[in-house]
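Visitor: Model the structure of this input:
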Amino acid sequence: MDLTIVVPTFNEGPNVAELLRRIGDAVDDRLFEVVFVDDSTDDTPQIIAAAAQTADFPVRLIHRDAPTAGLGGAVVEGLRAATSNWCLVMDGDLQHPPEDVPRLLARADRDDVDVVVASRYIAGGDSKGLADATRTTVSRASTLLTKSMFPRKLGDCSDPMTGFFLVNRDAIDIDALRPRGFKILLEILARRHLRVGEVPFAFASRFAGASKASFTQGIRFLTQLLMLRFGRMSAFALVGGVGAIANLVIMWGLIRLGMDYLPASIIASEITIIGNFLLLEYLVFSDMRAESGSMRQRFVKSFTFNNVEAIIRIPVLWVLVENAHIPSVIAAGLTLIAAFVVRFVFHALVVYAPKRQPVDASLAVAPERARAAEY
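Guide: The predicted structure is shown next:
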């Protein structure tokens, strides 16, 4: 086989026949197989088995009676069972259009990548198939948080949360994967530094059935993220904690000397902004400095952002003190905690971001193709 297509399914029976038909039409110049790894509680396994009898290519079914690790665990099971080195992972709901598979294969044929990611977030990509504005916002925010935790390994990947990708099994250590829930690509990319290529795709609407996204899946994602990368963020938190304590001590001392709490807060913020930057330079992001421009450029970005953040934070401090009647030092501490995640994301993705290679324009989706994929 040239290709194994791994499709994790959970109660996706109405989509199976259409999915196989469109895969067969799209991938007609390769020797390939489709492996369904099914965790369904309905008649989906029987539908897959019946469809396999009439398909023009090999279709295999792995039904897990006692599924573990969710969709990610199903994908790992499929990777283990594959008979080819190149494995394409896609959902069974047709939100990952089979018609885009040839473009992923064409990118892999250049022989300079280990993973080809179908991205919603590069030129030509589209995420309109997400159910609503809330899911779109959550997806964008999750992507930013994820990339900020792995700025080097995910530096060439704009969409580490996608479930539509092509991977060379020889480049990954399947036994090292510890999936939790939906985000198996994140698990693969975070475990080992891989060469990543991207092609844009339009995330389509579901053909049938309902989304499996839930609050529980969100908790699993956060757990996976923290387990994969707590190192850099914990160091950033340590620096932020030291800076917050210094900020509060300076502010308290100035107030004791007779200064009003607002100018005391501004002076304390400016001193700790500079101190925190030096600590980030030499403790947290020291391994990324060479790839992220000059120290002067990084300082300007960091100093400007933190001052803009302070301009927003200090009025909030005023509201907490004057309207909520919270003691000024406690209110300042609350605002500093709230600013922590935003600061981390900005520094990892902007201040210390490694330079990316430009997207190959020849791989962009034509506008009419992108629109057609939404339906």
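Visitor: Only C-alpha atoms from now on, for both contacts and neighbour counts.
Guide: Noted.
Visitor: check contacts around Thr304.
Guide: Under the criterion of CA atoms under 8 Å, 6 or more residues apart in numbering, Thr304 has no contact partners.
Visitor: the helices in this protein, which residues?
Guide: Taking DSSP state H, the helices of the chain run over residues 16-26, 44-54, 70-81, 101-108, 133-149, 184-191, 215-228, 231-256, 261-279, 295-322, 328-346, 367-372.
Visitor: Return the per-residue confidence for the residue lying closest to Val7 once chain neighbours are set aside.
Guide: Computed as CA to CA, 6 or more residues apart in numbering, the closest residue to Val7 that is not its neighbour in sequence is Phe36, at 4.8 Å. Looking at Phe36, its pLDDT stands at 98.
Visitor: count of neighbours near Phe36?
Guide: 26 (other CA atoms under 10 Å).
Visitor: pLDDT below threshold where in this protein?
Guide: In the predicted model of the chain, residues 129-132, 134-135, 180-182, 205-232, 355-375 satisfy pLDDT under 70.
Visitor: can you rerun that using 80?
Guide: Residues of the chain meeting the criterion pLDDT under 80: 1, 127-139, 149, 180-182, 204-238, 283-284, 286-287, 310, 336-341, 354-375.
Visitor: circling back to that earlier point, kindly reformat the helices of the chain as TSV containing distance to Ala202.
Guide: Conversion of the helices of the chain to TSV gives the following (distance: least, CA to CA, whole Å):
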stretch	distance to Ala202
helix 16-26	16
helix 44-54	26
helix 70-81	21
helix 101-108	12
helix 133-149	14
helix 184-191	18
helix 215-228	23
helix 231-256	32
helix 261-279	39
helix 295-322	33
helix 328-346	26
helix 367-372	5
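Visitor: Which among those helices is found nearest to Gly197?
Guide: helix 101-108 (7.2 Å; CA to CA).
Visitor: buried set for the closest one?
Guide: 101, 103-105, 107-108 (16 or more other CA atoms under 10 Å).
Visitor: Stretch 152-172 too?
Guide: Residues 152-169, 171-172 are the ones in stretch 152-172 that count as buried (16+ other CA under 10 Å).
Visitor: Now, these that are in strands?
Guide: Judged by DSSP state E, the subset of the buried residues of stretch 152-172 located in strands is 165-168.
Visitor: quick revisit: out of the helices of the chain, the one nearest Val7 is which?
Guide: Checking these against Val7 by CA to CA gives helix 70-81 as the closest, at 7.4 Å.
Visitor: The ones in strands among the buried residues of stretch 152-172: which two are farthest apart?
Guide: Maximum distance among these (CA to CA): 10.3 Å, for Phe165 and Asn168.
Visitor: shared neighbours of those two, anything?
Guide: With CA under 8 Å, 6+ apart as the test, Phe165 and Asn168 both reach Val115.
Visitor: Verify the contact between Trp10 and Phe36 for me.
Guide: Actually, residue 10 is Phe rather than Trp. No - counting by CA atoms under 8 Å, Phe10 does not reach Phe36; the two are 10.1 Å apart.
Visitor: can you put the buried residues of helix 101-108 in TSV and add distance to Ala176?
Guide: Below are those laid out as TSV (distance: CA to CA, whole Å):
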residue	distance to Ala176
Val101	27
Arg103	29
Leu104	25
Leu105	26
Arg107	26
Ala108	24
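Visitor: wait, Arg298 sits on Val351?
Guide: Yes - here Arg298 lies in contact with Val351, judged by CA under 8 Å, at a distance of 5.3 Å.
Visitor: Looking only at neighbour counts, state which of the two leads.
Guide: Between Arg298 and Val351, Val351 has the larger neighbour count (other CA under 10 Å), namely 23 against 20.
Visitor: Quick check: the gap between the more buried one and Phe285.
Guide: In this structure, Val351 and Phe285 are 10 Å apart, going by CA to CA, to the nearest Å.
Visitor: so what sits against both of the two?
Guide: Counting by CA under 8 Å, 6+ apart, nothing touches both Val351 and Phe285.
Visitor: residues shared between the contacts of Arg298 and Val351?
Guide: Both Arg298 and Val351 are in contact with Ser292, where contact means CA under 8 Å, 6+ apart.
Visitor: Break the chain down into its structural domains.
Guide: Listed domain ranges for the chain are 3-229, 231-351 (source: automatic domain parsing).
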